[in-house]
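Colleague: I would like to see how this sequence folds:
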Amino acid sequence: MFTKREIKSREDIQILVDQFYQRVQENELLGPIFNEVIQDRWPQHLEKMYSFWETALLEKKSYSGRPFPPHAKLNLRQEHFDTWLRIWHQTLMENFEGELAEEAKWRADKMAVMFISKIDYYRQNNATPLL
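Modeller: Purely as a prediction, here's the structure:
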C-alpha cells in the first residue's frame, strides 16, 4: 500500500512537479500549449519549477524570476487555469499530505486567480505587461 508523505525536501518537490507536468503534457487542453511554448526545453523548465516551489514551500531561496510574464501573452482562459488547478490538486492529494501540501494547494489557487485577473486586465485595456 502506498503511503502519502509530507513535503519536506527538494526531492519531494521534484516528485510533485515531475508527476504534475507529466499529466499536463498529456492533457488535451494544456498539453499542446505547454509543449508548443517549452518545446525541447522541458529539463530547464522543470528545474525552474523545482526552484520556484522549493522557494515558495520550503523557504529556500533557489528561485529568482517573475512567474507571470511568460504567461502574459498566451491565449489562456479560465478553463485553462481550472484544468491546471485540478491536475495540481489531484497530484498533491494522491502523493502528499500535511501542512505544506495544503499550502501548495492554497498558493496555486491564489496564483491562478492572480494570473487570470492580470491577463483579463491586459486584454480588456489593450495593454502590455512589463516583461
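
Colleague: Extract the C-alpha trace of the helix-or-strand element of the chain with minimal mean pLDDT and format it as CSV.
Modeller: The helix or strand of the chain with the lowest confidence, counting by mean pLDDT, DSSP states H and E, is helix 69-72 at a mean of 82. C-alpha atoms of helix 69-72 as CSV (Å, rounded to 0.1, in the frame of the first residue of the first chain):
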residue,chain,number,x,y,z
PRO,A,69,5.4,37.5,-17.7
PRO,A,70,5.9,34.1,-19.6
HIS,A,71,2.1,33.6,-19.3
ALA,A,72,1.0,37.1,-20.2
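
Colleague: That one: how far from the chain's middle?
Modeller: How far helix 69-72 lies from its chain's middle: 13 Å, per Cα atoms, centre = their mean, to the nearest Å.

Colleague: list the helices and strands that helix packs on?
Modeller: With contacts defined as 3 or more Cβ pairs under 8 Å, 6 or more residues apart in numbering; DSSP states H and E, helix 69-72 has these neighbours: helix 99-124. In short, each C-beta sits where N, CA and C put it, glycine included.

Colleague: In the helix it packs on, which of the residues would be classed as buried?
Modeller: When neighbours are counted by 16 or more other Cβ atoms under 10 Å, the buried residues of helix 99-124 are found to be 100, 101, 104, 105, 108, 111, 112, 115, 116, 119.

Colleague: before we move on, what about stretch 71-90?
Modeller: Neighbour-count burial for stretch 71-90, with 16+ other Cβ under 10 Å as criterion, is recorded at 71, 72, 76, 80, 81, 84, 85, 87, 88, 89.

Colleague: Same question for stretch 16-30.
Modeller: Of all the residues in stretch 16-30, those buried under the rule 16+ other Cβ under 10 Å are 16, 17, 19, 20, 21, 23, 24, 27, 30.

Colleague: of all these, which comes closest to residue 65?
Modeller: The shortest separation between residue 65 and any of the buried residues of stretch 16-30 is 15.4 Å, and it belongs to residue 17 (by Cβ to Cβ).

Colleague: Any idea which residue is closest to the centre of the protein?
Modeller: Averaging the C-alpha coordinates of the chain gives a centre point, and the residue nearest to it by Cα atoms, centre = their mean is residue 108 (6.8 Å).

Colleague: which residue sits closest to that one, ignoring its sequence neighbours?
Modeller: Taking Cβ to Cβ, 6 or more residues apart in numbering as the measure, residue 108 lies nearest to residue 88, with 4.9 Å between them; neighbours along the chain are not counted.
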